[in-house]
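[1] for reference, the sequence and a predicted model appear below.
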Amino acid sequence: MAHIHDRIDFAVAVFVVHDRKVLLVHHRQLNKWLPLGGHIELDEDPESAALREAKEESGLEIELIGERPPTTGCGTRALIAPRFLDIHRISPAHEHIGMIYWARPKGVSSHPDNQTAEPVRAHDSYQPRLAGAEHHQIRWCTAGELDTLQPALDAAVKWYCLKAIEEVSNCKWPVPHRTACGLTFGLGPEDLNSDNRSK
Ligand SMILES: [Zn+2]
């Protein structure tokens with residue numbers, strides 16, 4: 001992992017959830033279980049980095065979940081906001097600002113009321129591909145399986161995993177969709193009702 005700046009880089013972490021399972025990799029160099037992710041390169045935005053890293057590290061096409069406000073003018077493209085942000089130390093001299101996203105494999109809708117969604121594909125479609133040069137293993141984990149991983153999952157990563165499983169499975173956010181006027185929104189009016197949010 002060649003760093004980009006000397007002291008602080010921007011990075012993405014992508015918690016992909018499907019069928020109440022979260023996708024994790026056992027990173028070779030760090031010897032840790034982590035979500036998909038990596039540096040945001042100098043020529044890309046955070047969303048592009050998240051989609052690229054997910055594809056490179058799992059072979060899966062994903063869609064990010066979150067709110068995308070309408071674009072308000074030429075030359076402006078609204079981006080899906082990360083669910084969380086952090087800054088974490090990679091080495092004594094280097095830190096990463098982490099943009100933490102929820103995602104699901106492309107084509108899935110877990111929203112029970114979404115009649116326009118594509119049919120859910122067979123689970124085999126979401127079989128991840130191991131990027132063997134970087135990772136020992138890649139797997140889907142249920143909430144219960146998080147405690148069985150070796151080496152043990154970091155507490156912070158476990159917290160994000162549980163939060164992602166809960167929120168994505170309860171479909172707190174539908175996949176951003178196109179409206180008739182061509183603008184893209186992440187939330188429909190019904191989703192702004194806090195009663196519909198995750199329990
Ligand atoms: Zn870095």
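    Perfect, thanks for sending it. This structure is a prediction, so every number in the text was calculated from the model and none was measured. Residues are numbered from 1 along each chain as shown.
[2] so where's this structure uncertain?
    The chain contains residues with pLDDT under 70 at 1, 108-125, 172-199.
[3] can you list the residues of it near the ion?
    His3, Asp9 (C-beta under 5 Å from the ion). All C-beta spots, glycine's among them, are computed from the backbone N, C-alpha and C.
[4] all strands for the chain, in order.
    8-18, 21-27, 32-34, 36-39, 62-65, 84-91, 94-105, 135-141, 177-178, 184-185 (DSSP state E).
[5] mind putting the ones you listed into CSV with mean neighbour count?
    Listed next are the strands of the chain as CSV, based on neighbours: other C-beta atoms under 10 Å:
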stretch, mean neighbour count
strand 8-18, 23
strand 21-27, 22
strand 32-34, 19
strand 36-39, 22
strand 62-65, 23
strand 84-91, 12
strand 94-105, 22
strand 135-141, 17
strand 177-178, 12
strand 184-185, 16
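[6] could I get the ones you listed as CSV with distance to Glu56?
    What follows is these, written out as CSV (distance: least, C-beta to C-beta, whole Å):
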stretch, distance to Glu56
strand 8-18, 11
strand 21-27, 11
strand 32-34, 14
strand 36-39, 8
strand 62-65, 12
strand 84-91, 19
strand 94-105, 14
strand 135-141, 11
strand 177-178, 27
strand 184-185, 25
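[7] for those, which one sits closest to Ala49?
    Nearest to Ala49, of all the strands of the chain, is strand 8-18, at 4.8 Å by C-beta to C-beta.
[8] can you give me how far that closest one is from the chain middle?
    Mean-position distance between strand 8-18 and its chain equals 6 Å (C-alpha atoms, centre = their mean, to the nearest Å).
[9] hmm, back to that, of the strands of the chain, which is nearest Thr71?
    Of these, nearest to Thr71 by C-beta to C-beta is strand 184-185, at 7.5 Å.
[10] got the end-to-end distance for stretch 58-71?
    Chord length of stretch 58-71, first to last residue, is 31 Å (C-alpha to C-alpha, to the nearest Å).
[11] tell me which residues in that stretch are buried?
    Ser58, Leu60, Ile62, Glu63, Leu64, Ile65, Gly66, Arg68 (16 or more other C-beta atoms under 10 Å).
[12] what do you get for stretch 148-166?
    Within stretch 148-166, the residues that count as buried by 16+ other C-beta under 10 Å are Leu149, Leu153, Val157, Lys158, Tyr160, Cys161, Lys163, Ala164, Ile165.
[13] now for these: which two are most distant?
    Using C-beta to C-beta, the pair of the buried residues of stretch 148-166 lying farthest apart is Leu149 and Lys163, separated by 17.1 Å.
[14] residues near Leu79, how many?
    Residues lying near Leu79 (other C-beta atoms under 10 Å) number 15.
[15] was I right to think it contacts Glu47?
    Yes: using C-beta atoms under 8 Å, Leu79 is in contact with Glu47, at 5.2 Å.
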